[in-house]
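Engineer: show me the folded form of this:
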Amino acid sequence: MPKFLLKRWHGYHVVVILVFCVTLIALLSLEHWLYGLLGLSVLVFLAYYLLYAEKSFKREFTQYVETLSYRVKKTGADTIQHLPIGMLLYDENRRIEWHNPFVARIVGEEHLIGKELVECFPALKDWDETEQPLDIPLGKRIYLMQANPDERLIYLTDVTEWRHLEQTYRDEQIVFGILHLDNLEDVTQEMDDQSRTLLQTNVTGAITEWANAHDILLRRYGDKFFMIFHRKTLEVLEKSKFDILDTVREMTKENKIPITLSIGIGSYTGTLFERARMAQGCLDVALGRGGDQAAVKKGDRMTFYGGKTNAVEKRTRVRARVISHALRNLIRESERVLIMGHENPDMDSVGAAIGVWKAADLQGKDAYIVLNGENPSISNLTAMIEEDDHLNEVIVSGEQALSLCEQRTLVVVVDTHRPSMTIEPKLLQKSTRVVIIDHHRRSEEFVEDPVLVYMEPYASSTCELVAELLQYQTERLSMNRLEATALLAGIVVDTKSFAFRTGSRTFEAASFLRQHGADPGLVQTMLKEDFGMFVKRAEIVRHTEIYFDSIAVAVGEEDETYDQVLIAQSADTLLNMTGIEASFAIGRRDAETVSISARSLGSINVQIVMEELGGGGHLTNAAAQLTGISLEEAKEQLLHVLEQLNEKGETTE
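Structural biologist: Residues are numbered from 1 along each chain as shown. Purely as a prediction, here's the structure:
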């Protein structure tokens, strides 16, 4: 009972008892002094017993605490010794001072004290002693290292099973893709039934065999195949650079036109619907770039493989007629039409803009061409436009175009599809009705939600496409000499006087323009350059170096500015040299901008090279602009890209 009281009664409890006892003794003393003496004796005895019990409790409690501390220390030591987590201490020289047995077991040695960390854990060679968790491979196991640099303490946890589970989840993520037979119908159009069936069987068999080898589920619909596979398979396909593209092209190269494939693969993230939609979007991009390539969407970046052949010219005019009628209807439904090309417009951009303006004028609509600044390469053409009563009145600046843009205004973008390259990007944000007419291969950057897109990478120029569209606008088409000649000049410039990227449709477009008043002599007048331009081009060509035995790189003077066309002409000049397969001309456009023009005979894909530098274009004709660097730095970046692509084998076939 006293121990019970001591454990539970404290302070005021004891005081209350003493007061009660004293009061009781006082009352008993009043009754008889013997009773008081007896009560006092009992009180003294009780006080002695309580004091003795308290000392005994403290002694027992001290022994209990000492025993408990010993058990805790012993348990802690045993726990550290048998804990399935490695612990070690190291000194300022990164030598091990202490470790528990788990560390010795995973390293495979009993005594590690005195050894350097990197000797036991090679993965720590470049460790900067941060608290950031780090995976350390050791043998066939993976350990998560967590460090306390202040105490020079390291914890090691075996996470092998977790990492394997994460890798399995990552590898088995579902990916959707669409494989498209680009030109099967065109290739088999003139074949008999037996030859057509045999060719289709061979191509389908090759695709099926490739799919089975990579564990890809295929389902065909029309001239497309829907593909379902794992992310691990996608990584294998990327390493092989989608060799099925080369396989099908090589097995059909005996035909007049080889069959090519295009592949669009969506991201492995998002909902299944989003992945399928991205796969279709990637296929559209691959086809917009000319086909014969794979476009893979990963995160915000799109990667391209293939694209080693020039786009094949289409044989049907059906699409041109359909697009022409659609454009005519859009113009009729609009209150006003604004036409703009890319920054620093060239002959193709201005000529195409004039052609679209003519289409709008035929429908009786107010139409304006957006031009900003001056470009020496088209100075002769702009001078002729200023003398023309009709065309001179429809030229507006970007600011004027913004004030003219209303809800039902149609904006037509020619010779580019990248918003950042247009003369006035704000027009694309202000208008909800945008039409794209372009002959460049489609890049990742694209105008958002256009109402009509006419992109044909096989075409020689945008002027060729616009000339075809004009043929279906109206039977009463009439063009004056300057309008028709401007379109013809755009074709002449982009084809290098019909020497490059020229198909039968190119000559048909030129013939159509010639019938409507185009003057070849006037084209030569438009393209004339002064003696100073010729000398500047010669200066660029003079500073030429040859790399990889067949690639010419010319760099202009750092303190000299060059026109974009002059830089492009320098690249064209280099391409005419014996043994040169590709040429790059680098020159300063202004104080902040460096321009690179790239040309190729076809064996080297200069489009890929320029895309790595933020530009784009065609397999044989591309360009890029860099800001805030010197010409020498631009050259170093170009050579670095060429070296990387050359090692990967992506610049050549």
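Engineer: would you map out the domains in the protein?
Structural biologist: With domains defined by automatic domain parsing, the chain comprises 2-80, 86-164, 177-306, 318-526, 531-648.
Engineer: what bridges to the residue nearest to the spatial centre of the chain?
Structural biologist: Centroid check for the chain by Cα atoms, centre = their mean gives residue 301 as the closest residue, at 1.5 Å. Beta-bridge partners of residue 301, counted by DSSP bridges, are residue 298.
Engineer: and stretch 510-525, what's buried?
Structural biologist: 510, 512-513, 516-519, 522-523 (16 or more other Cβ atoms under 10 Å). Backbone N, C-alpha and C define where each C-beta goes, glycine included.
Engineer: swap in stretch 439-453?
Structural biologist: For stretch 439-453, by 16+ other Cβ under 10 Å, it's 439-444, 446-447, 450, 452-453.
Engineer: for stretch 408-423, same thing?
Structural biologist: Neighbour count says stretch 408-423 has 409-419, 421-423 buried, by 16+ other Cβ under 10 Å.
Engineer: could you tell me how far that stretch lies from the centre of the chain?
Structural biologist: Centroid separation between stretch 408-423 and its chain, computed with Cα atoms, centre = their mean, to the nearest Å, is 22 Å.
Engineer: kindly export it (C-alpha atoms) in PDB.
Structural biologist: Taking only C-alpha atoms (Å, rounded to 0.1, in the frame of the first residue of the first chain), the coordinates of stretch 408-423 have been written out as PDB:
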ATOM      1  CA  ARG A 408     -13.700  37.600 -90.600                       C
ATOM      2  CA  THR A 409     -10.300  38.400 -92.100                       C
ATOM      3  CA  LEU A 410      -8.500  35.600 -93.800                       C
ATOM      4  CA  VAL A 411      -4.700  35.400 -93.200                       C
ATOM      5  CA  VAL A 412      -2.800  33.400 -95.900                       C
ATOM      6  CA  VAL A 413       0.800  32.500 -95.000                       C
ATOM      7  CA  VAL A 414       3.000  31.600 -97.900                       C
ATOM      8  CA  ASP A 415       6.500  30.000 -98.200                       C
ATOM      9  CA  THR A 416       6.700  29.100 -94.400                       C
ATOM     10  CA  HIS A 417       4.600  27.400 -91.800                       C
ATOM     11  CA  ARG A 418       6.500  28.400 -88.700                       C
ATOM     12  CA  PRO A 419       4.900  31.300 -86.800                       C
ATOM     13  CA  SER A 420       8.200  32.600 -85.500                       C
ATOM     14  CA  MET A 421       9.400  33.100 -89.100                       C
ATOM     15  CA  THR A 422       6.500  35.100 -90.400                       C
ATOM     16  CA  ILE A 423       6.700  38.800 -90.900                       C
END
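Engineer: now the strands for the stretch 351-500 of the chain?
Structural biologist: Assigned by DSSP state E, counting those that start in this stretch, the strands in the stretch 351-500 of the chain fall at 366-370, 395-396, 409-414, 434-438, 452-455.
Engineer: pairing partners for the second one, with directions?
Structural biologist: Strand 395-396 has the following sheet partners, assigned by DSSP bridges: strand 366-370 (parallel).
Engineer: kindly export the strand it pairs with (C-alpha atoms) in CSV.
Structural biologist: Output in CSV follows, covering the C-alpha atoms of strand 366-370 (Å, rounded to 0.1, in the frame of the first residue of the first chain):
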residue,chain,number,x,y,z
ASP,A,366,-9.9,43.6,-100.6
ALA,A,367,-6.5,41.9,-100.2
TYR,A,368,-3.2,43.2,-99.0
ILE,A,369,0.4,41.9,-99.0
VAL,A,370,2.4,42.3,-95.8
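Engineer: what about stretch 405-414, start to end distance?
Structural biologist: 17 Å (Cα to Cα, to the nearest Å).
Engineer: what mean pLDDT does that stretch get?
Structural biologist: Summarised as a single mean, pLDDT over stretch 405-414 is 91.
Engineer: check stretch 327-340 too.
Structural biologist: 92.
Engineer: just send the domains of the chain back as JSON lines, with distance to residue 170 too.
Structural biologist: Shown next, in JSON lines, are the domains of the chain (distance: least, Cβ to Cβ, whole Å):
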{"stretch": "domain 2-80", "distance to residue 170": "35"}
{"stretch": "domain 86-164", "distance to residue 170": "10"}
{"stretch": "domain 177-306", "distance to residue 170": "6"}
{"stretch": "domain 318-526", "distance to residue 170": "24"}
{"stretch": "domain 531-648", "distance to residue 170": "24"}
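Engineer: report the buried residues of stretch 279-287.
Structural biologist: 279, 281-287.
Engineer: for these, give me JSON lines that also has distance to residue 113.
Structural biologist: Formatted as JSON lines, the buried residues of stretch 279-287 follow (distance: Cβ to Cβ, whole Å):
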{"residue": "279", "distance to residue 113": "58"}
{"residue": "281", "distance to residue 113": "60"}
{"residue": "282", "distance to residue 113": "57"}
{"residue": "283", "distance to residue 113": "62"}
{"residue": "284", "distance to residue 113": "64"}
{"residue": "285", "distance to residue 113": "60"}
{"residue": "286", "distance to residue 113": "61"}
{"residue": "287", "distance to residue 113": "66"}
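Engineer: sort out which one of the residues you listed lies nearest residue 261 for me.
Structural biologist: Lowest distance from residue 261 to the buried residues of stretch 279-287 (Cβ to Cβ) belongs to residue 286, with 9.3 Å.
Engineer: isn't that closest one up against residue 302?
Structural biologist: No: Residue 286 lies out of contact with residue 302 (Cβ atoms under 8 Å); the separation is 9.6 Å.
Engineer: so what sits against both of those two?
Structural biologist: By Cβ atoms under 8 Å, 6 or more residues apart in numbering, residue 286 and residue 302 have these common neighbours: residue 295.
Engineer: can you pull the buried residues of the strand or helix carrying residue 647?
Structural biologist: Element membership for residue 647, per DSSP states H and E: helix 631-648. By neighbour count on 16+ other Cβ under 10 Å, the buried set for helix 631-648 is 631, 634-635, 637-639, 641-642, 645-646.
Engineer: restricting to C-alpha, output that helix in PDB.
Structural biologist: In PDB, the C-alpha atoms belonging to helix 631-648 read as follows (Å, rounded to 0.1, in the frame of the first residue of the first chain):
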ATOM      1  CA  LEU A 631      31.000  33.600 -87.000                       C
ATOM      2  CA  GLU A 632      33.700  31.400 -85.600                       C
ATOM      3  CA  GLU A 633      31.400  30.100 -82.900                       C
ATOM      4  CA  ALA A 634      28.700  29.500 -85.500                       C
ATOM      5  CA  LYS A 635      31.200  27.500 -87.500                       C
ATOM      6  CA  GLU A 636      32.200  25.500 -84.400                       C
ATOM      7  CA  GLN A 637      28.600  24.600 -83.700                       C
ATOM      8  CA  LEU A 638      28.100  23.600 -87.300                       C
ATOM      9  CA  LEU A 639      31.200  21.300 -87.300                       C
ATOM     10  CA  HIS A 640      30.100  19.800 -83.900                       C
ATOM     11  CA  VAL A 641      26.700  18.900 -85.400                       C
ATOM     12  CA  LEU A 642      28.300  17.500 -88.500                       C
ATOM     13  CA  GLU A 643      30.700  15.300 -86.400                       C
ATOM     14  CA  GLN A 644      27.800  14.000 -84.300                       C
ATOM     15  CA  LEU A 645      25.600  13.200 -87.200                       C
ATOM     16  CA  ASN A 646      28.500  11.700 -89.100                       C
ATOM     17  CA  GLU A 647      29.200   9.300 -86.200                       C
ATOM     18  CA  LYS A 648      25.600   8.300 -86.100                       C
END
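Engineer: can you tell me which helices and strands it packs against?
Structural biologist: Helix 631-648 sits against strand 551-555, strand 582-588, strand 593-600, helix 606-612, with contacts defined as 3 or more Cβ pairs under 8 Å, 6 or more residues apart in numbering; DSSP states H and E.
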